[in-house]
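Student: need coordinates for the below:
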Amino acid sequence: MRLVVNEPVERTDRPYARRWWALLVLCLSLLIIVMANTALTVAAPDMTRDLGLSSADLQWVIDGYTVPYAALMLLLGAIGDKYSRRGALVLGLLVFGGGAVFGYLAGSAATVIAARAVMGLGAALIMPATLSLLAATFPRAERAKAITLWTATAGLAIAAGPVVAGALLRNHGWASTFLINVPVAAVALVAALVLVPPSRAGHHDRIDYVGGLLSVLWTGALVYMIIQGPHFGWDAKAITAAVVAGVGLVAFVLWELRHPRPLLDVRRFAHRRFAGANLAVALFFLAVFGAFYYLTQHLQFVLGYDALATGVRMLPLAGAVFVGSALTGYLTPRVGMKWTVGAGMVGGTAALALLTRIDGSSTYGDFVLPLVVLGLAIGLALSPCTDAIMGSFPESELGVGGAVNDTSLELGGSLGIAILGSLLATSYSDRLSDATAGSRLPANALATAQDSVGAGYAVAQGIGDKARQLAAQAAHAGDPQQAAQLKAQAGQLAEGARQMKDAVGSAFADAVARTSLVGAIVLGVGTVAVALLLPRGTAPQPEPAEEEAQELVDSAVN
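Tutor: Have a look, this model is predicted:
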């Protein structure tokens, strides 16, 4: 037996024997992509303190990964289809691992952002390759089960990232969290050559590079606008990005409609099953990414858990994803994806609605049920949608199919963090201003505290430190009258620090509740729209894959 698999999967007349081992490699590759973001959420406070990051710096450290990742997936998925899907996976793992090492060595905001962008490029190669290789390697009868396991891996990664990062942060600096990905990427790279068979499209049409560049333009501009506008204001940069995204999207659609072999046949979105599945993925991850963004902050800052404890407390979400995935594997063939996806989206809406009960007195116990319901919802809804999207593409365009699925996911996640994150920040700032009205807190201190929940607790801690300094001076003062004055001032500051801490926690908890309400409304309305779009029935409706196969035959004859 050869160490490296060289026979293309398309040339075999039976299912690939080691396909389940190959799936493990694909899931490992997915794992590091998701962990790269979830691990960063718990490392962000240490990174901010160490590098002196502003709120804008921190936002771009997080989103420097997202822009190239979302913008490049469609084009790179098509290139992988034409030349080598496994080659795209291997190259992506090399680039991703290199970016992670670069991040570990980075010593400034600019270099960390650059490292994250390199990792985003690697992820844009890896993500569509994992789904296209999965679809090419597994026969149709087993593909839904394989996609279910692939989806469940994402749920595991959501919780695993904070747990592993938290364990590292106990004894190491934030830079160590970048190295989480390196050994996994190395193992996945070697295993990909040994276990994953080569695969590429059966025909070799010229790639629609103009369509690809237009897709990069409008997707990248849209993601940039989503990040820039809500967080930093609608300045010239955000407005320009919005115009470029709009013009680029129109140009992309018109070009693809006229091109004989388009990068992405946009007519697919006229098919209810395909359009409904993409809408469901985007809306679901809008809610999931947005909720994860503020839940981790609440656990860390308001409830006071360290990074590892925060990750451990997210584990009910991961466990519930596995349960939901098992349920959808059983239910979808029997009742149809319309009902399982609908049930998942209703569950996601219910989870956000449960978070509206959060207030300043809430404990971790109040978060357990929403986390479990949200995990079940993810497991129920996402794998049927991914299966429907991938099933809409012919074998020659599986990389593009994976890229479409992942772009919907990434755009939804970016919108969730931008919209819900912006609403959270505004609500927190307003509530904190109301809670501290009438206090003698300096205006600059209040403005600092309103920037974020972390900044608010830092202001409270600063006031407390000043109180302790005055108390120490009082203890060593030789003049009794001066000692009494210092002691009184220290007492006032200590009380002010306590009140400030309580106000920050209460304001953020109220902001979480208000933001969750908006998220529940958005996902609830989206649930109705998806239910109207998705067709009934347990069997997939005819999709354009067969039509395009016939078009290929016709074009060859003509």
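
Student: centre of the chain to stretch 249-265, how far?
Tutor: With Cα atoms, centre = their mean, to the nearest Å as the basis, stretch 249-265 stands 28 Å off its chain's centre.

Student: where does the chain have its least confident helix or strand?
Tutor: Scoring the helices and strands of the chain by mean pLDDT, DSSP states H and E places helix 544-557 at the bottom, with a mean of 43.

Student: pLDDT weak spots in this protein?
Tutor: Confidence mapping of the chain against pLDDT under 70 gives the ranges 1-2, 55, 202-204, 537-558.

Student: where along it do the strands fall?
Tutor: Secondary structure of the chain (DSSP state E): no strands present.

Student: I'd like to know which elements the top helix by length along it is packed against.
Tutor: The longest helix of the chain (DSSP state H) is helix 480-533. Counting contacts by 3 or more Cβ pairs under 8 Å, 6 or more residues apart in numbering; DSSP states H and E, helix 480-533 is packed against helix 272-297, helix 337-354, helix 421-435, helix 453-476. The way it works is simple: take the backbone N, C-alpha and C, and place the C-beta from them, glycine included.

Student: and the contacts of the last one?
Tutor: For helix 453-476, the surrounding residues in contact (Cβ atoms under 8 Å, 6 or more residues apart in numbering) are 45, 48, 297-298, 301-302, 428, 432, 445, 448-450, 482-484, 486-487, 489-494, 496-497, 500-501, 503-504, 507-508.

Student: which of the residues you listed are buried?
Tutor: Burial by neighbour count, 16 or more other Cβ atoms under 10 Å: within the contacts of helix 453-476 this picks out 45, 48, 297-298, 301-302, 428, 432, 445, 449-450, 486-487, 489-490, 493-494, 496-497, 500-501, 503-504, 507-508.

Student: quick one, what contacts Ala43?
Tutor: Contacts of Ala43 by Cβ under 8 Å, 6+ apart are Ala165, Leu169, Trp174, Thr177, Ala307.

Student: I figured the first one hits Ala307, correct?
Tutor: Yes - checked against Cβ atoms under 8 Å, the pair Ala165 and Ala307 is within contact range at 6.0 Å.

Student: what is in contact with these two at once?
Tutor: In contact with both Ala165 and Ala307: Val42, Ala43, using Cβ under 8 Å, 6+ apart.

Student: quick one, what contacts Ala403?
Tutor: Met73, Leu74, Leu76, Gly77, Ala78, Met127, Pro128.

Student: between these, which is closest to Pro370?
Tutor: Met127 (27.8 Å; Cβ to Cβ).

Student: and for the residue lying closest to that closest one once chain neighbours are set aside, the neighbour number?
Tutor: Nearest non-adjacent residue to Met127, counting by Cβ to Cβ, 6 or more residues apart in numbering: Asp406, 4.6 Å away. Asp406 has 27 neighbours, counted by other Cβ atoms under 10 Å.

Student: tally up the residues packed near the nearest residue to Pro45 once chain neighbours are set aside, please.
Tutor: Nearest residue to Pro45 in three dimensions, chain neighbours excluded: Gly454, at 6.1 Å (Cβ to Cβ, 6+ apart). By the criterion of other Cβ under 10 Å, Gly454 has 20 neighbours.

Student: show me where the stretch 201-350 of the chain has helices.
Tutor: Using DSSP state H, counting those that start in this stretch, the helices of the stretch 201-350 of the chain run over 209-232, 236-258, 272-297, 307-312, 315-335, 337-354.

Student: the longest one: how far from the chain's middle?
Tutor: When C-alpha coordinates are averaged (Cα atoms, centre = their mean), helix 272-297 and its chain have centres 9 Å apart.

Student: ok, now which ones touch Ile158?
Tutor: With the criterion set at Cβ under 8 Å, 6+ apart, Ile158 makes contact with Val34, Thr38, Phe292, Met314, Leu317, Ala318, Val321.

Student: over to Ala167?
Tutor: Contact analysis of Ala167 by Cβ under 8 Å, 6+ apart lists Leu308, Gly311.

Student: report the separation between it and Ile521.
Tutor: According to Cβ to Cβ, to the nearest Å, Ala167 and Ile521 sit 37 Å apart.

Student: cool, Leu94 as well?
Tutor: 44 Å.

Student: and Thr177, by the same measure?
Tutor: Separation of Thr177 from Ile521 (Cβ to Cβ): 35 Å.

Student: the more surrounded of those two?
Tutor: Thr177 (29 against 13).

Student: if I pick that one, what's in contact with it?
Tutor: Neighbour list for Thr177: Ala39, Leu40, Val42, Ala43, Ala165, Leu168, Leu169 [criterion: Cβ under 8 Å, 6+ apart].

Student: try 7 Å
Tutor: Counting by Cβ atoms under 7 Å, 6 or more residues apart in numbering, Thr177 makes contact with Ala39, Leu40, Ala43, Ala165, Leu168.

Student: which parts of stretch 191-199 are buried?
Tutor: Judged by neighbour count using 16+ other Cβ under 10 Å, the buried positions of stretch 191-199 are Ala191, Ala192, Leu193, Leu195, Val196, Pro197, Pro198, Ser199.

Student: list the buried ones in stretch 468-482?
Tutor: Quick answer for stretch 468-482 (16+ other Cβ under 10 Å): Leu470, Ala471, Ala474.

Student: distance from the chain centre to the longest helix of the chain, please.
Tutor: Mean C-alpha position of helix 480-533 versus that of the full chain (Cα atoms, centre = their mean) differs by 25 Å.

Student: relative to helix 272-297, how tilted is that helix?
Tutor: The directions of helix 480-533 and helix 272-297 differ by 170 degrees, with axes from the mean of the first three to the mean of the last three Cα atoms, to 10 degrees as the criterion.

Student: just the buried residues of stretch 41-55, please?
Tutor: For stretch 41-55, burial by neighbour count (16+ other Cβ under 10 Å) applies to Thr41, Val42, Ala43, Ala44, Pro45, Asp46, Met47, Thr48, Leu51, Leu53.

Student: please state the offset of that stretch from the chain centre?
Tutor: On Cα atoms, centre = their mean, the centre of stretch 41-55 falls 19 Å from that of its chain.

Student: determine how far the last residue of stretch 305-322 lies from the first.
Tutor: 25 Å (Cα to Cα, to the nearest Å).

Student: for Cys27, which non-adjacent residue is spatially closest?
Tutor: In space, and not counting its chain neighbours, Cys27 is closest to Thr153: 4.2 Å by Cβ to Cβ, 6+ apart.

Student: and the gap between the one you found and Gly248?
Tutor: 33 Å.

Student: which one's more surrounded, these two?
Tutor: Neighbour comparison, Thr153 and Gly248: the larger count goes to Thr153, with 25 against 20 (by other Cβ under 10 Å).

Student: give the contact list for the more buried one.
Tutor: Neighbour list for Thr153: Cys27, Leu30, Leu31 [criterion: Cβ under 7 Å, 6+ apart].

Student: switch the cut-off to 10 Å
Tutor: Going by Cβ atoms under 10 Å, 6 or more residues apart in numbering, Thr153 touches 23-24, 26-31, 34, 130, 160, 318, 321-322, 325.

Student: next: Ser422.
Tutor: Contacts of Ser422 by Cβ under 10 Å, 6+ apart are Ile226, Gly229, Pro230, His231, Phe232, Gly290, Thr515.
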